[in-house]
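**Q** Mind folding the following:
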Amino acid sequence: MCCRAVAGCSGQQDFDDSGDPAGFSWGRAAGRELTVKFAICQELYENLPWVEQCRLMAAAGYRGIEVAPFSIAEDLRSVPAGVFSRMRAEAADHGLEIIGLHWLLARTKGLYLTSPDASVRRATSDYLSFLADVCGQLGGTVMVFGSPQQRNLLPGVSREQALEYAVEVFGSAAGAFAAAGVTLCVEPLTPKETDFINTCADAVQVIERINHPAVMLHQDVKAMLGAESESIPVLIDRHRDLCRHFHVNDTNLLGPGMGSTDYHPILAALQRSGYAGWVSVEVFDYSPGAQFIAESSIQYMQRVLSEL
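**A** Predicted structure coming up:
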């Protein structure tokens, strides 16, 4: 995998005139200045060496990287010692922070959130605990649990049983999340992607049963547009106390500003809610080109912020 090619390179953090890190976009709403921290999910650049990924993400204006483990290895337990610390250092050389992980179980084998097999659930919980340690080594504080193909309802498993299994897996690893300084964020996904945890309310069921500060909510624009009956601003406001991470994209699988969704009410709602986390671009259609998508997405969001 290209991310294994972690070699030395130099870079320098850029600062704007106020002394704040570049890539933090400023706007004004209700008479208050607001700051949004923009990150990007790096599997968009998966086939490039890690150093080149960092260079391109920084050049586009991002200051946060969200890492997909499969872009490093199918099972991160196979990665040699020292790789994660080198990745973190290379990112920092470019003025970038690795904010966390997502696609946690994608391309793994023998792991499944809602399996009726207790040994599979234990293995899944153990791997999530291991990923929390990796996330900490990378400097990240968030792990987004989407992994739709590793949570679908299996034959004979009811929704209530699946809920119990998910609570067991996440709850068993919650102590490891906390020890690593990481928050596991449960991501609702559309019915097209999975038949388990489709709405924010579904995710909150899991979160409330676990009742641990290291297990919280993730919100994704595409997912909310495809699964919810209420508007995104309403959902942002309702779950403001639980949401710890936020993905931006559109139903056409491209980035913000590249589809029909107006981000003015979305970013305004995040600002009103007091959200202080990262806003991370996650796309699924790479056909326009990685750098075009990255640059178009952040430029659109910066323009929206300037208009609030």
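
**Q** How far does stretch 178-187 stretch from one end to the other?
**A** End-to-end distance for stretch 178-187: 19 Å, by C-alpha to C-alpha, to the nearest Å.

**Q** And that stretch, how far out from the chain middle?
**A** 11 Å (C-alpha atoms, centre = their mean, to the nearest Å).

**Q** Any chance you could list what contacts it?
**A** Residues from elsewhere that reach stretch 178-187, judged by C-beta atoms under 8 Å, 6 or more residues apart in numbering: 100, 102, 128, 132-133, 135-136, 140-146, 170, 173-174, 177, 197, 203, 206-207, 212-218, 220, 223, 244-245, 247. Quick note: C-beta positions are derived from backbone N, CA and C, even for glycine.

**Q** Can you report how many residues neighbour residue 287?
**A** 8 (other C-beta atoms under 10 Å).

**Q** Buried ones in stretch 174-194, by neighbour count?
**A** 174, 176-178, 180, 182-190, 193-194 (16 or more other C-beta atoms under 10 Å).

**Q** how far is it from where the chain is centred?
**A** 9 Å.

**Q** Now do stretch 193-204: distance to the chain's middle.
**A** The answer for stretch 193-204 is 16 Å, by C-alpha atoms, centre = their mean.

**Q** Going by neighbour count, list what's buried in the helix or strand hosting residue 304.
**A** Element membership for residue 304 (DSSP states H and E) is helix 290-307. Using 16+ other C-beta under 10 Å as the test for burial, helix 290-307 gives 290, 293-298, 300-302, 304-305.

**Q** Drop anything exposed from the contacts of stretch 178-187.
**A** Neighbour-count burial (16+ other C-beta under 10 Å) is assigned, among those, to 100, 102, 128, 132-133, 135-136, 140-146, 170, 173-174, 177, 197, 203, 206-207, 212, 214-218, 220, 223, 244-245, 247.

**Q** Restricted to helices, list the residues you listed.
**A** Among these, DSSP state H puts 128, 132-133, 135-136, 170, 173-174, 177, 203, 206-207, 223 in helices.

**Q** which residue ranges form the helices in the stretch 1-150 of the chain?
**A** All helices of the stretch 1-150 of the chain, identified by DSSP state H, counting those that start in this stretch, fall at 50-60, 83-93, 118-138.

**Q** could I get the buried residues of helix 290-307 as a markdown table with pLDDT and distance to residue 45?
**A** Formatted as a markdown table, these follow (pLDDT from 0 to 100; distance: C-beta to C-beta, whole Å):
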| residue | pLDDT | distance to residue 45 |
| --- | --- | --- |
| 290 | 98 | 5 |
| 293 | 98 | 10 |
| 294 | 98 | 8 |
| 295 | 98 | 13 |
| 296 | 98 | 15 |
| 297 | 98 | 14 |
| 298 | 98 | 14 |
| 300 | 98 | 19 |
| 301 | 97 | 19 |
| 302 | 96 | 21 |
| 304 | 96 | 24 |
| 305 | 95 | 25 |
